[in-house]
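Participant: 3D, please:
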Amino acid sequence: MIVCIAEKPSVGRDIARILGATVSHDGYMEGNGYQVTWTFGHLCTLKEPQDYTPAWKSWSLASLPMIPQPFGIKLIANPTYEKQFATIERLMQAADGIVNCGDAGQEGELIQRWVMQKAQPHCPVQRLWINSMTDEAIREGFANLKPQEEYQSLYEAGLCRAIGDWLLGMNATRLYTLRYRQQQKQVLSIGRVQTPTLAMIVRRQQEIQNFTPEQYWVLSTLYRETLFTLRGDDENDNENEGKKGRITSEEEAKKAFALIKDRPFEVTSVAKKNGTEAPPRLFDLTSLQVECNKKFSFSAEETLKYIQSLYEKKFTTYPRVDTTFLPDDVYPKCPGILQGLLPYQPLIVPLMGTKLKKSKKVFDSSKVTDHHAIIPTGVNPSGGDLTYNEKRVFDLIARRVLSRLQICPDHRPRTGHRRPRRGEDKGREAGFPRQRQTDTGTGLARRLRLGAPGQG
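Facilitator: From the prediction side, this is the model:
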């Protein structure tokens, strides 16, 4: 009997359906030569200090640093976890082979390895490695199973991270709590991620609290619905780009205004240049979290919850990725993926008539390690049971993919300077009329105003 172990019950049931394991038991599915079981995320964890020696149970500076030799794991104390692990252990010890169907990533590898270490099976183990949960991807994954030994370095990387977190968290938390706590039961928690993040938040809050507003004035004029503002003389002063043209004294501002009050105003030059603006890269998890925060005010945790749900519902590929590229072998699958995006047909039709552009900025196998960028799987989202927020996240991903596969139109900004040609009226470019505009006296005073004091 082949035992397959997934990270969640929902994933396990999907795999069981594909394999023909349709008979339901307590904690696993069985059939067609397979037994498919699952964990609930982490079933095991590293042991706590008191599990190694009673001397580490009490918090004291004398016991620091605590460095176990070697580190050990234990089952998380939870009746549901203990019952499920007993089922997994029984199945694995009687198995002829095991397929590790955990999430295809560092954390997923660590979760299942710890369970198998605790269960101590005596049979070969193979690894299922897939980027999406579609039926096609699962079948293709089982047709290309790899020996688990090929993923040993991935497990060791996850183990090193877990041990590093333990060493820092356990030792530094006890150290800072004993040295700096202000109340007897107060715990000052220190962590690899949480402490630097908290430091960034505190530093930014201090900058806000210590900020001193500064009044300034600007000279500007509104002509033909276009605002012209004095920028200063030094065009190469990039460090003070946002402060160019600011006058810090009201008296100096009035003097400057008096110098130009009765002078004629004219547009001397306008320049154009052609440019192209490339669409943004495909999403990895971090850039998706940033975009969802900007557009929908989602926290990073909320975005992860929505994209994980989309992955488990088979609408998007594996979410916990750190690359914005696709491997070359995904390129032939793109037309099929696009055809499944029925709500986006008006945007897709222009792409289907021609060969899709294969850009190195999108398809580059050398930039892909475990997983590729987050993209739709090609499953039609219209018929899916998606929440409102899941639809919003999916829409961002789908439109980002479509923007990358289309040829970007030229963007032509007006910038720089160009002297008027001989006989050309100044102000001719950019829709200005064929005349030299001269505005003096009260007319200029009406249009050219002393900007209200601002705060920087």
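
Participant: do a quick rundown of the helices in this structure.
Facilitator: Here the chain has its helices, by DSSP state H, at 9-19, 49-52, 79-93, 106-119, 135-143, 152-180, 194-209, 250-260, 285-296, 300-312, 334-339, 345-352, 388-405, 442-447.

Participant: between these, which gets nearest to His42?
Facilitator: Distance to His42, taken as C-beta to C-beta, is lowest for helix 106-119 among those, at 5.7 Å. All C-beta spots, glycine's among them, are computed from the backbone N, C-alpha and C.

Participant: could I get that closest one in CSV with only the CA atoms?
Facilitator: Extracted in CSV, the C-alpha atoms of helix 106-119 (Å, rounded to 0.1, in the frame of the first residue of the first chain):
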residue,chain,number,x,y,z
GLN,A,106,10.8,25.0,2.5
GLU,A,107,8.2,25.1,5.2
GLY,A,108,6.1,22.3,3.6
GLU,A,109,9.1,20.1,3.4
LEU,A,110,10.0,20.7,7.0
ILE,A,111,6.5,20.0,8.2
GLN,A,112,6.3,16.5,6.6
ARG,A,113,9.9,15.5,7.4
TRP,A,114,9.3,16.1,11.1
VAL,A,115,6.2,14.0,11.0
MET,A,116,8.0,11.2,9.2
GLN,A,117,10.9,11.4,11.6
LYS,A,118,8.5,11.0,14.5
ALA,A,119,6.6,8.1,12.8
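
Participant: give me the neighbour count for Tyr155.
Facilitator: Close neighbours of Tyr155, defined as other C-beta atoms under 10 Å, add up to 18.

Participant: could you list the low-confidence segments of the protein?
Facilitator: For the chain, applying pLDDT under 70 flags the ranges 232-243, 353, 407-456.

Participant: what residues go with each domain of it?
Facilitator: Using automatic domain parsing, the domain parsing of the chain gives 2-159, 165-209, 217-265+439-455, 285-410.

Participant: of all the ones you listed, which one is nearest Lys273?
Facilitator: Closest to Lys273 of those, according to C-beta to C-beta: domain 285-410, at 10.7 Å.

Participant: ok, back up a step: okay, the domains of the chain in CSV with distance to Asn274 next?
Facilitator: Converted to CSV, the domains of the chain look like this (distance: least, C-beta to C-beta, whole Å):
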stretch, distance to Asn274
domain 2-159, 39
domain 165-209, 40
domain 217-265+439-455, 22
domain 285-410, 6
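
Participant: so which of those comes closest to Thr276?
Facilitator: Here domain 285-410 is closest among these (C-beta to C-beta), at 5.5 Å.

Participant: and for the closest residue to Leu159 other than its chain neighbours, the neighbour number?
Facilitator: Nearest non-adjacent residue to Leu159, counting by C-beta to C-beta, 6 or more residues apart in numbering: Leu110, 6.3 Å away. Residues near Leu110, counting by other C-beta under 10 Å, number 21.
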